[in-house]
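**Student:** Below is the sequence, then the predicted model.
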Amino acid sequence: ARASDGVVVWDRSFTDRDERYYNIECYGVDTTLDGGYIVTCGDGPMDIPAWMKKDCHEQAWTAFVYRADQSGQPLWTANVTDSAAKCVSDAGEHIVTAREGGFAVYVDSGTLGQQGTGGNFGLVVLDPDTTKAL
């Protein structure tokens with residue numbers, strides 16, 4: 001965030017939920033009703049190391065959401081698709097705060113759509129009360 005004169009008020013690097021994932025690319029951000037922020041990302045390995053190739057979970061990108069307060073402190077995180085279980089990739093491309101306080105994530109998805117055929121864009125709606133706390 002920047003003040004009106006361009007001075008940095010705070011900044012935050014959104015790291016991933018564990019050490020197995022990297023190459024985080026966050027595409028969408030919105031303000032929340034309480035003045036905080038909601039960010040959606042895609043994350044996964046850029047180059048899959050040989051020792052990871054046995055585990056499909058490590059090869060799949062996931063669509064992920066980070067919720068932060070007004071000062072950028074993380075409040076909760078959520079994986080919004082089940083791409084790892086299907087060995088395909090998803091990425092959160094855009095996110096908006098709904099009037100009632102929930103969130104809608106536009107996902108470039110290999111898992112959403114008819115019969116999970118992949119190559120789709122989908123909309124995932126999140127209830128803020130069902131998220132995982134950090």
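**Tutor:** Cool, got the structure.
**Student:** in the sheet, who's paired with Gly122?
**Tutor:** Beta-bridge partners for Gly122, by DSSP bridges, are Val107.
**Student:** quick one: it and His94 touch, right?
**Tutor:** No: taking contacts as C-beta atoms under 8 Å, Gly122 lies outside contact range of His94: 11.8 Å. The way it works is simple: take the backbone N, C-alpha and C, and place the C-beta from them, glycine included.
**Student:** Now for those two: what residues contact both?
**Tutor:** Common contact partners of Gly122 and His94 (C-beta atoms under 8 Å, 6 or more residues apart in numbering): Tyr106.
**Student:** I'd like the distance between Thr40 and Gly122.
**Tutor:** Distance of Thr40 to Gly122, given as C-beta to C-beta, to the nearest Å: 13 Å.
**Student:** Neighbour count for these two, which is higher?
**Tutor:** In this view Thr40 and Gly122 are compared by other C-beta atoms under 10 Å, and Thr40 has more residues nearby, 28 against 16.
**Student:** quick check, the more buried one in a strand?
**Tutor:** Yes: counting by DSSP: H, G, I helix; E, B strand; the rest coil, Thr40 is part of a strand.
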